[in-house]
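Enquirer: Provided below for reference: sequence and predicted model.
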Amino acid sequence: MPATAKKVKPKISIAVIGYDPLRFVGLRTILESDPDFSVQALGVLNLAYSLRCDVVLLGSHGMSSLHNAIANLRSNSSHSKIILTGAPAGDDAMLRAIAAGVKGYLDEAAGPEEYKQAIRVVHSGSMWAPRKVLAKFIEQVTANSSTVPISPVGGVSERERQVLELLVAGRTNKEIGAELGIEERTVKAHITKLMQKAGVQNRIALSVHALTHSLLGGA
C-alpha cells in the first residue's frame, strides 16, 4: 500500500516593503533560516495592488507617507496583517499606528528572534506591541465607545484563565500549549470556548475583553 502523504504545513508568506536593499538581504537571511517563513521584497508601487501574502513588514525607506502606505494596504490587501518597523517610537506614535490599522510595531533594530516572534503572533491573530501601549489603546477605544460593554466572561476555569493570560501576553497557540503542557488543538478549543463566553469573534477582541474586564486578576 502506498505510504500516506504527510500534510505539509503552509508557510507564512511575508512581504517586505520600504527596506533598503542591504537591510532586506540581512532580514531575508534571518527569516528564511526558519522553515515556517517565505519572504519576498516588494517595491512601494506594489502598495496600489492586492498583495498575496500573510504578513507585511512595512519600513519607511522610500516612503513619502507611511499613513498613505498603511491606508493603501488596508484598502487593497485587507487580508494581509501589517507590522510597522522603524526607529524606537514613543507610545503616541505606536498608538497612532495601531489606530491606523497595523497589527504590530517593531523596532527595526530588534533581534532575529523578536522579528520571528512578532510575525508569528500577528499571523495568529494577536497584536504585537508593548502591553502598556495596548492598554492605552483599549482605554481610548472604550472611553470613546457608545456601545454597551460586553458582560464579563462567566465560569472561567483555572485552565482557561491560564490560556487567557498567555494569550494576552502575545503567545501563539503552539507556545501556549508548550507552556501548559497541552496539545495545540486543546489550546484552540479553550480559546474558542472563551470567545463564545465573551461574545467576541477573534483573539484580539478576546484579549481586549480580558483586559477591560480585569479577568486576569493581578495582571
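Expert: Everything's here; your move.

Enquirer: helices and strands of the chain: which one has the lowest mean pLDDT?
Expert: None of the helices or strands of the chain scores lower by mean pLDDT, DSSP states H and E than helix 131-144, at a mean of 66.

Enquirer: what is the mean pLDDT for the helix or strand that that helix is followed by?
Expert: Of the helices and strands lying after helix 131-144 in sequence (DSSP states H and E), the nearest is helix 158-168. Along helix 158-168, the predicted local confidence has a mean pLDDT of 86.

Enquirer: Flag every buried residue along helix 158-168.
Expert: Of the residues in helix 158-168, 160-168 count as buried by neighbour count, 16 or more other C-beta atoms under 10 Å. For glycine as for every other residue, the C-beta is placed from the backbone atoms N, C-alpha and C.

Enquirer: Stretch 100-120 now?
Expert: Neighbour counts over stretch 100-120 (16+ other C-beta under 10 Å) mark 100, 102-106, 108, 115-120 as buried.

Enquirer: Pipe those into a markdown table and attach distance to residue 199 and pLDDT per row.
Expert: As requested, the buried residues of stretch 100-120 are exported to a markdown table (distance: C-beta to C-beta, whole Å; pLDDT from 0 to 100):
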| residue | distance to residue 199 | pLDDT |
| --- | --- | --- |
| 100 | 27 | 78 |
| 102 | 26 | 87 |
| 103 | 22 | 88 |
| 104 | 26 | 89 |
| 105 | 28 | 88 |
| 106 | 31 | 87 |
| 108 | 38 | 82 |
| 115 | 34 | 93 |
| 116 | 33 | 94 |
| 117 | 29 | 91 |
| 118 | 29 | 92 |
| 119 | 29 | 94 |
| 120 | 27 | 92 |
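
Enquirer: what ranges do the helices span in this structure?
Expert: Taking DSSP state H, the helices of the chain run over residues 21-31, 66-76, 91-100, 112-123, 131-144, 158-168, 173-180, 184-198, 203-212.

Enquirer: and residue 46, which of the ones you listed is closest to it?
Expert: Taking C-beta to C-beta as the measure, those were each checked against residue 46, and helix 66-76 came out nearest at 9.3 Å.

Enquirer: Next up, the contacts around residue 17.
Expert: By C-beta atoms under 8 Å, 6 or more residues apart in numbering, the contact set of residue 17 is 41-44, 46-47, 56-59, 69.

Enquirer: Closest to residue 178 out of those?
Expert: Nearest to residue 178, judged by C-beta to C-beta, of those is residue 57 at 25.5 Å.
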